[in-house]
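**Student:** Below: sequence and its predicted model.
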Amino acid sequence: MQHVRLWGILLVVAVAALVAPSVFAGAPTGSGPNDPLMVTGNWQTLAANASLWFHFDYTGDKSQIVATLEDYGVSNVQLAIYTPAQANAWQQDPTTQPVAIGSPQNATSAMSIYDLAWRGAFNFPGRFFVVVTNNNPYAIGFRLRVTGDNVALAPTPTATPFPTPPFATPIPVGNLQGKLVFQDASGGNIYTVNGDGSRLTRVTDGLDPNWSPNGKQIAFTRWQGGQSGVYIVNADGSNETALLGNIRQPLSPRWRPDGKKIAFTRQQGGTQQDSQFCFGRMCFTIGADPHWKIGVVDAASGALTEPQCTEHCFAPTWSADNHTLAYADGTFGIMLADTTSNMPAWNLNRQNTNVQSPAWSPDGKKIAFMARQHDHWEIVVMDADGGNASPVTRADPLAFRAANNVAPAWSPDSQQILFLSDRSGKWEFFVANADGSNLQQVLKGVTDSLAIRYNFSNERVIDWAR
């Protein structure tokens with residue numbers, strides 16, 4: 001019995017040692033060079049009169065580094081570059097000046113699409129820093145990018161940073177039929193690849209790629225400077241065209257099944273900045289509440305229509321009837337909108353309102369989506385009428401933590417669901433039958449060579465065509 005107790009104590013200590021770093025280690029806040037954020041290339045918010053520190057590693061081979069900032073043209077914002085030595089000095093003296101600052105670009109320059117930009121190089125290696133400072137009395141939205149042939153934004157991802165449960169059933173590696181289009185990050189590179197992992201090809205950059213019904217074009221959105229809009233491009237990367245421009249933060253374009261229109265969501269209305277309400281000596285901050293609405297653009301003419309939806313309409317997806325859209329609203333759950341009438345949106349399923357990324361099956365019979373389950377996300381599928389919701393993925397009881405399973409996409413024949421999972425410690429692709437059976441890892445060669453980033457923001461990471 002004493003041996004049993006001893007082994008039990010040792011097991012608890014071992015588990016605590018493994019879990020403690022993820023439980024007690026705080027996430028970076030960007031407060032300084034000892035606590036910098038990673039450059040993700042995604043839109044972020046910066047509080048009034050505040051700064052955020054970001055890091056990148058560089059080999060010191062004198063190759064060019066480019067740092068760019070977009071902030072919708074807001075003034076009184078600074079982009080500063082610090083060397084490793086300057087960052088150390090800043091910790092002793094916060095008045096230490098940076099080695100360089102970003103500047104507005106000439107209107108004729110290709111860099112003019114950015115609000116601030118800096119280009120340079122160094123002959124010594126190390127961890128360098130970019131500091132974004134908002135000198136305004138209100139919060140701003142911004143997007144930072146750092147690029148270069150020998151710039152590393154994050155450590156090389158490790159395939160198995162979490163221990164594999166000793167009794168877990170290994171997941172087989174398989175291949176898919178057809179072709180895929182995917183993004184490595186929101187606003188990052190967009191690639192096409194065959195289902196067996198061959199012919200990986202970069203097409204463009206943007207958000208939420210989606211195959212046209214005939215598999216010849218790809219719809220996506222882009223937020224860069226004056227290029228914000230809905231785009232289409234041929235599958236080989238040629239003939240990139242802005243179908244609809246001057247759209248505020250467009251997301252999730254999805255072709256109608258007949259290929260004639262594209263639905264998307266974008267920021268429209270609501271409040272963009274925090275506000276303060278005071279009662280006597282007591283003041284309260286009311287957070288910004290931007291609204292997100294659905295737009296439908298005609299693929300031939302570019303004409304825009306706006307179906308009725310709620311105030312936070314994300315990730316629209318078409319029914320096979322070519323006029324009904326399902327979308328996610330974090331307050332109400334899965335909603336439906338009719339694009340041919342002015343009738344209000346109606347609720348389809350509110351069993352769990354914390355949902356994202358609904359995807360209607362090509363045959364119109366099912367809707368897959370991701371749903372929050374206490375401390376993680378799982379893929380769920382239900383009938384098109386909102387009934388018979390059942391899990392496609394489930395937490396492994398032998399795992400040290402529950403994996404996140406996100407961003408579902410249907411196979412062209414409506415039999416399988418492709419999704420992203422962090423069960424191995426990094427984001428990788430998996431596929432399962434719609435009832436959850438026959439789970440396999442796919443595109444392993446791709447995710448072994450490319451790091452996928454995911455933000456839990458209704459991203460449409462991947463799409464599948466014949």
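**Tutor:** Happy to help now that I have it.

**Student:** where does the protein dip in pLDDT?
**Tutor:** 1-26, 107-112, 154-169, 225-226, 281, 284 (pLDDT under 70).

**Student:** how's it carved up into domains?
**Tutor:** 37-152, 179-465 (automatic domain parsing).

**Student:** Just the terminal-to-terminal distance for the shortest one.
**Tutor:** Between the opening and closing residues of domain 37-152 we find a distance of 13 Å, counting by Cα to Cα, to the nearest Å.

**Student:** ok so, going back, can you tell me which of the domains of the chain comes nearest to Pro28?
**Tutor:** Nearest to Pro28, of all the domains of the chain, is domain 37-152, at 5.2 Å by Cβ to Cβ. (Glycine included, C-beta is placed from N, CA and C.)

**Student:** re the thing from before, most tightly packed of the domains of the chain?
**Tutor:** domain 179-465 (a mean of 18; mean count of other Cβ atoms under 10 Å).

**Student:** Quick check: Val130 touching Phe142?
**Tutor:** No. Assessed by Cβ atoms under 8 Å, Val130 is found out of contact with Phe142, at 11.4 Å.

**Student:** Which of the domains of the chain sits closest to Thr29?
**Tutor:** That would be, of the domains of the chain and by Cβ to Cβ, domain 37-152, which comes in at 7.6 Å.

**Student:** residues touching Thr305, list them.
**Tutor:** By Cβ atoms under 8 Å, 6 or more residues apart in numbering, the contact list for Thr305 reads Gly295, Val296, Thr339.

**Student:** and it, backbone torsions?
**Tutor:** phi -120, psi 160 (degrees, to the nearest 10).

**Student:** That one pairs with what?
**Tutor:** Val296 (DSSP bridges).

**Student:** Now do it against Asp383, distance only.
**Tutor:** 28 Å (Cβ to Cβ, to the nearest Å).

**Student:** can you check Gly126 too?
**Tutor:** Applying Cβ to Cβ to Gly126 and Asp383 gives a distance of 56 Å.

**Student:** Now do the end-to-end distance for stretch 260-279.
**Tutor:** 54 Å.

**Student:** for it, the distance to its chain's centre please.
**Tutor:** Distance of stretch 260-279 from the chain centroid (Cα atoms, centre = their mean, to the nearest Å) equals 19 Å.

**Student:** quick one, phi/psi of the residue lying closest to Val193 once chain neighbours are set aside?
**Tutor:** In this structure, Val193 finds its nearest non-sequential neighbour in Leu200, 4.6 Å apart by Cβ to Cβ, 6 or more residues apart in numbering. When read as degrees, to the nearest 10, the backbone of Leu200 gives phi -70, psi 120.

**Student:** what sits against Leu200?
**Tutor:** Tyr191, Thr192, Val193, Val446.

**Student:** Would you state the strands of the stretch 151-300 of the chain in chain order?
**Tutor:** Assigned by DSSP state E, counting those that start in this stretch, the strands in the stretch 151-300 of the chain fall at 151-152, 179-183, 189-194, 201-205, 207-211, 217-222, 229-234, 241-245, 251-255, 261-271, 275-279, 282-286, 289-298.

**Student:** In a markdown table: these, plus distance to Ser414.
**Tutor:** A markdown table is the format used below for the strands of the stretch 151-300 of the chain (distance: least, Cβ to Cβ, whole Å):
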| stretch | distance to Ser414 |
| --- | --- |
| strand 151-152 | 41 |
| strand 179-183 | 16 |
| strand 189-194 | 21 |
| strand 201-205 | 25 |
| strand 207-211 | 15 |
| strand 217-222 | 20 |
| strand 229-234 | 24 |
| strand 241-245 | 27 |
| strand 251-255 | 16 |
| strand 261-271 | 19 |
| strand 275-279 | 46 |
| strand 282-286 | 44 |
| strand 289-298 | 23 |
